[in-house]
Every structure is written in structure tokens, then in C-alpha cells.
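Visitor: Would you be able to build a 3D model of this:
(2 chains)
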Amino acid sequence: MKPFYTHELEDLRTKLILIGEKANEAARLAIDGFLEDDLSKLNQAISLDDAIDELEVEIDQASVRYITLRSPVSSDVRFILVAIKASHDLERAGDEAHNIALRAKNILNQDGRSGDTMTIKQMSQLTCLMMKDAITALVEKNLELAHAVIQRDKEVNALHKENFKILTIGSADNSETSTAFQKVFISKSIERIADHAKNLAEEVIYLLK
Amino acid sequence: MSTSNPSQTTSGGTPIIKIRNFDFAYGDAQALFDINMDINAKEVTAFIGPSGCGKSTFLRCFNRMNDLIDIARIKAGEIKISDVNIYDKNVDAIELRKHVGMVFQKSNPFPKSIYDNIAYGLRIQGVKKKSELDEVVERCLRDAALWDEVKDRLSESALGMSGGQQQRLCIARALAVRPEILLMDEPCSALDPIATAKVEELIHELKKDYTIVIVTHSMQQAARVSDRTAFFYLGKLIEYGQTDQIFMNPRDPQTEAYISGRFG
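Guide: Now for the predicted structure:
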């Protein structure tokens, strides 16, 4: 027999999936906007930030309400804790997407194009896949997929380090140095999004184990 | 201890019970002080508070069960149900109890068959037609989520049912005379967690058709089943509001202390 308030946990799960999808979409739009010099995609990424923030607040409120009124135990209480932590990670991933979009706009304003994008394309492919798989692992309760997400984080870290080395070679031209800095910050933001995807996967493992 | 007792009305619902400046005493001992509140139709309202705070006394005022106690008396104020002052001399208490049913802490089925327990109220009202009684018995047992469990043994004694089933039978029996309001005085205190969950589920279903007022010592139960919660202490209504607000953000420090278990 399921209690009459079971739907509240389902609603919470739906909200968690939604914030995950929105954060992933924001990351994809921001990185694609940067790689393709597409101002429209960058603006779309920026505009998603408020909706992601609102969802995080809603998830927090629904979680506190459920703990207060429904006295959850066992897997339900673990799920609530995961919802709170995961929504925070996804909100932070959304913030990083927002930062990427702002920096990419700065580069476009200054140089008119993104130029050499170092390893960012590879990083973004890996990171977006990590985000997607971490959310799928949560939805499908897939422990194996969650472990796979964590493994991929090392590759993203390695690619980010390469970008950092490229920067240290440096350039005499101040404007080029500024652009290179912006790109490394973008690289760093992508690396942080991957970290948040990894955190989400770890939270899924906590939930399922 | 807050001494203010503002009129505690509900918002966003249709009040069916209106209590104004209600003082109640057992002899010289005043049990309720200046209670003002509205209770909405087709909602579940929970009364919580420590033992002796007056919540059960107050509940029993809604169908004049306290009339049965010699020293009980109303010192001031009024209770109106559907705009009728229930303590008006023209109101018949027996008639009132048809509209305001009650379920007690301990299940109290009659030592009769399951069928006869439900049909009892209708029979004393003069209903004799078998098809009509059959229809009501089935409706009430279905409403009380008991039909599937007992439909093949309606002629067996109600005393052979489990405690949880007996309590749901008492709820079904109360529904037979189609009351508008159902009072429940700690209806789950003698039940195990599974039977409690079934009764809570039932309360949730019944509020579509009935107004329910429940006294409970379990704050988790109040939080789970009620739309509004009233906290009583020493005969006074300390705080009354939406259950979400009372449990998540109570305004009175005494309510906070009680629901957090830091009382006394």
C-alpha cells in the first residue's frame, strides 16, 4: 500500500530531472555558442539561469516540507538528501554555464570569433555526456552508469590541464593574452560542470547502495 | 505564555463550524478559555496539544457529548454549525449527532454482525427495506475501504475483526446516517502502524465528502493527514493555521517548542 502522499516524492523526482535537463541544456548552449560563435545560443544559455535557480529553491522547499510533514525513513530520506545535494550541484553547473556564456560573449565582442578553442570541444562533448548520463543514472537507478560518469571526470581534468599549459606559453600581445585567459576560464567552467556531474553520479551511488 | 487570543479564522475555505468567545468549565474548573476559530467544510482539521489541554473536551462540544456530564457547562460564547447555534434550546442533541458523527479512541463495535453494526442507525430511524439497508451497508463499507475485506462475511460478528478493521467499521457505522461532520478522538492510538496508515488513507479519502476534525497525540499524524492544525495549551487556543505553516514555520514559540518536543 502506497501512502496518499507518494505523489509528492514523484513530483520532487520530476523537478530534479527537470533541473538536470535545464542545467545540461544551458551547458550545451553556452559551449556550442562559444564554439560556433553563435550569440543567440549564448543568450539562450544566460536566460536559462533564472529558471534553474527557481527550481533549486522549489526542490529545497519541497524537500524541507516532506521531511517536516511526512517523517520519511530509509530510502525515502536518502532520496530527499540526494535531491537537496543534487539540485545544488545542478544549480552550480547552471551558474558555470552562465559564466561560460558571458565570457564567450566578451570574446566575441573583442575578437569577433572564438579562434583557437584548444581542447574545449573534446571537453564539452565529454562533460555534456557526463551530465546526461548522471541524470539518466538517477532516473533509471543505474549504478553502473553512475560509476562510468565518475571515471570520465579524469579525462576532462586532463584536457583542462592541457589548456592551462597552452596559456602558459603566452603571447606578447595583451589582447591575445586576455582572450586566452577568458578561454582558460571557460575551460575551467567546463571542468567544474564535469565535477558537478561527477558529484551527481556519486549521489546516485549513495542513493542506490 | 501568550495571553492574546485573536479570532482565528480560516482563509481560502468555507467555514462550516464557527466558534466564538467560547468558555467551557467542569464545575468550577474552567477547561476552555475564549476560543475563537472557524473550521472549514471538507477539510481535515487536527487538534494537537499536551494531555489536559482541552482538545478532546473541545471536540466533544461539537456534538454536545459533554451534555452527558452533569458538571459540564458553557460559561460564555457559542458554537455554530451551518449557522445554527448548536446550544440553542431548540436544537435536539440526538438530531445534532446525526449530522455530527463521532469515532472514539477505542473501537467500540456493537456485539452484532458486521452488517447489523452499519444498519443499526438506519433501523432506529425506521428504515426497514432490505434493499435500502443493503445499499447503505455496501456504500459505507466501501467508503471506509473495508468492503473488499468483509463482503463475504457480513453476517459474522464484528468482534471477530482485527482492531484496525473494527475501527474502520466504526467509521463506516458513523457514515451510515450521512453526517456532514465526522469527529475523531485519537482514532489510531490503539492501532498498529499498518492499520494506522489505512485509517489515515481513509481520512484522506473521506474529506472529499465530509468535514473531519481529529484529535491526535501524534504530531506526525496531524502533519500527514490534516489541512489545518490547531495547537491548544492549558485550555487556550495558542495557534491555528495551515498545517504546512504550523509545522514548518510556527509563529508562537510555544507551538514551536511543542512540535519540536522541547516542551516543559
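Visitor: For the rest of this, base every contact and every neighbour count on C-alpha atoms.
Guide: OK.
Visitor: Let's verify residue B:232: helix, strand, or coil?
Guide: Applying DSSP: H, G, I helix; E, B strand; the rest coil to residue B:232 yields a three-state assignment of strand.
Visitor: Spatially, what comes nearest to it if we skip its sequence neighbours?
Guide: Spatial nearest neighbour of residue B:232, chain neighbours left out: residue B:49 (5.0 Å); criterion: C-alpha to C-alpha, 6 or more residues apart in numbering or on different chains.
Visitor: Please work out which residue of chain A is closest to chain B.
Guide: Nearest residue of chain A to chain B, counting by C-alpha to the nearest C-alpha: residue A:69, 4.8 Å away.
Visitor: Verify the contact between that residue and residue B:226 for me.
Guide: No. Residue A:69 lies out of contact with residue B:226 (C-alpha atoms under 8 Å); the separation is 10.0 Å.
Visitor: that older thread, in terms of contact, does the residue nearest to residue B:232 touch residue B:217 like I think?
Guide: Yes. The pair residue B:49 / residue B:217 is scored as a contact, 7.2 Å apart, by C-alpha under 8 Å.
Visitor: that older thread, run through the residues that contact the residue of chain A closest to chain B.
Guide: B:220, B:223, B:224, B:244, B:247 (C-alpha atoms under 8 Å, 6 or more residues apart in numbering or on different chains).
Visitor: any idea whether the fourth one is helix, strand or coil?
Guide: Looking back up the chat, that one is residue B:244. Taking three-state DSSP, the label given to residue B:244 is helix.
Visitor: what's the answer for the last one, then?
Guide: Here residue B:247 takes the helix state, with states given by three-state DSSP.
Visitor: next one: the longest helix along chain A to chain centre, how far?
Guide: Of all segments of type helix in chain A, defined using DSSP state H, the longest is helix A:74-111. Mean-position distance between helix A:74-111 and its chain equals 5 Å (C-alpha atoms, centre = their mean, to the nearest Å).
Visitor: which residues of the chain score low on pLDDT?
Guide: Going with chain A. A:1, A:168, A:170-176 (pLDDT under 70).
Visitor: other chain: chain B
Guide: Looking at chain B by pLDDT under 70, you get B:1-11, B:264.
Visitor: was I right about residue B:81 contacting residue B:38?
Guide: No. Contact criterion C-alpha under 8 Å: residue B:81 and residue B:38 do not qualify, at 10.0 Å.
Visitor: Name the residues of chain A found near chain B, please.
Guide: Residues of chain A found near chain B (C-alpha under 8 Å from any C-alpha of the partner chain) are A:3, A:4, A:65, A:68, A:69, A:70, A:71.
Visitor: Name only those of the residues you listed that count as buried.
Guide: Among the residues of chain A next to chain B, those buried by neighbour count (16 or more other C-alpha atoms under 10 Å in any protein chain shown) are A:4, A:65, A:68, A:69, A:70.
Visitor: Which single one of those is nearest to residue B:201?
Guide: Among these, residue A:4 lies closest to residue B:201 (C-alpha to C-alpha), at 6.2 Å.
Visitor: give the contact list for that closest one.
Guide: Residue A:4 is in contact with B:201, B:204, counting by C-alpha under 8 Å, 6+ apart.
Visitor: Quick check: it is in a strand.
Guide: No. Judged by three-state DSSP, residue A:4 forms no part of a strand; its state is coil.
Visitor: Now the phi/psi pair for it, please.
Guide: For residue A:4, the backbone dihedrals (degrees, to the nearest 10) come out as phi -70, psi -10.
Visitor: what does residue B:213 give?
Guide: Per degrees, to the nearest 10, the backbone of residue B:213 is at phi -120, psi 120.
Visitor: Checking the spatially most central residue of chain B next. Helix, strand or coil?
Guide: Nearest to the geometric centre of chain B sits residue B:183, at 1.8 Å (C-alpha atoms, centre = their mean). Here residue B:183 is strand, with the state taken from three-state DSSP.
Visitor: which ones are touching it?
Guide: Counting by C-alpha under 8 Å, 6+ apart, residue B:183 makes contact with B:59, B:100, B:101, B:102, B:103, B:212, B:213, B:214.
Visitor: Which of these fall within strands?
Guide: The members of those that map onto strands under DSSP state E are B:100, B:101, B:102, B:103, B:212, B:213, B:214.
Visitor: what separates the fifth one from chain A, distance-wise?
Guide: The one in question is residue B:212. Remark: distance between residue B:212 and chain A (C-alpha to the nearest C-alpha, to the nearest Å) = 17 Å.
Visitor: now the helices for chain A?
Guide: For chain A, applying DSSP H gives helices covering A:6-35, A:39-70, A:74-111, A:120-140, A:143-169, A:174-208.
Visitor: for chain B, that is, sorry about that
Guide: With DSSP H, the ranges of helices along chain B come out as B:55-61, B:93-99, B:114-124, B:130-143, B:147-150, B:163-175, B:193-206, B:219-225, B:243-248, B:253-259.
Visitor: Run through the neighbouring helices and strands of the last one.
Guide: Applying 3 or more C-alpha pairs under 8 Å, 6 or more residues apart in numbering or on different chains; DSSP states H and E, we find helix B:253-259 packed against strand B:236-242, helix B:243-248.
Visitor: Could you name the helices and strands sitting against the shortest one?
Guide: Yep, that's helix B:243-248 we're talking about. helix A:39-70, helix B:219-225, strand B:228-233, helix B:253-259.
Visitor: go on, the longest one?
Guide: With contacts defined as 3+ C-alpha pairs under 8 Å, 6+ apart, the packing partners of strand B:236-242 are strand B:29-40, strand B:228-233, helix B:253-259.
Visitor: any idea which of these is most buried?
Guide: A comparison of these by mean neighbour count, using mean count of other C-alpha atoms under 10 Å in any protein chain shown, puts strand B:228-233 on top with a mean of 24.
Visitor: partner strands of that one, parallel or antiparallel?
Guide: The pairing partners recorded for strand B:228-233 under DSSP bridges are strand B:44-48 (parallel), strand B:236-242 (antiparallel).
Visitor: which residues touch the longest one?
Guide: Which is strand B:236-242. B:2, B:5, B:8, B:10, B:32-36, B:53-54, B:227-232, B:246, B:251-252, B:254-255.
Visitor: So which bits of stretch B:228-247 are buried?
Guide: For stretch B:228-247, by 16+ other C-alpha under 10 Å, it's B:228-244, B:246-247.
Visitor: make that stretch A:199-209, sorry
Guide: A:199, A:200, A:201, A:202, A:203, A:204, A:205, A:207, A:208.
Visitor: between those, which is nearest residue B:27?
Guide: residue A:207 (58.7 Å).
Visitor: show me what contacts that closest one?
Guide: Contacts of residue A:207 (C-alpha under 8 Å, 6+ apart): A:75, A:78, A:79, A:82.
Visitor: now do 7 Å
Guide: By C-alpha atoms under 7 Å, 6 or more residues apart in numbering or on different chains, the contact set of residue A:207 is A:78, A:79, A:82.
Visitor: Could you export those as TSV, including neighbour count?
Guide: Converted to TSV, the contacts of residue A:207 look like this (neighbours: other C-alpha atoms under 10 Å in any protein chain shown):
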residue	neighbour count
A:78	16
A:79	23
A:82	22
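Visitor: Skipping its backbone neighbours, what lies nearest the residue nearest the centre of chain A in space?
Guide: Nearest residue to the geometric centre of chain A (C-alpha atoms, centre = their mean): residue A:93, 3.2 Å. Using C-alpha to C-alpha, 6+ apart and skipping residues adjacent in sequence, the residue nearest residue A:93 is residue A:193, 4.9 Å away.
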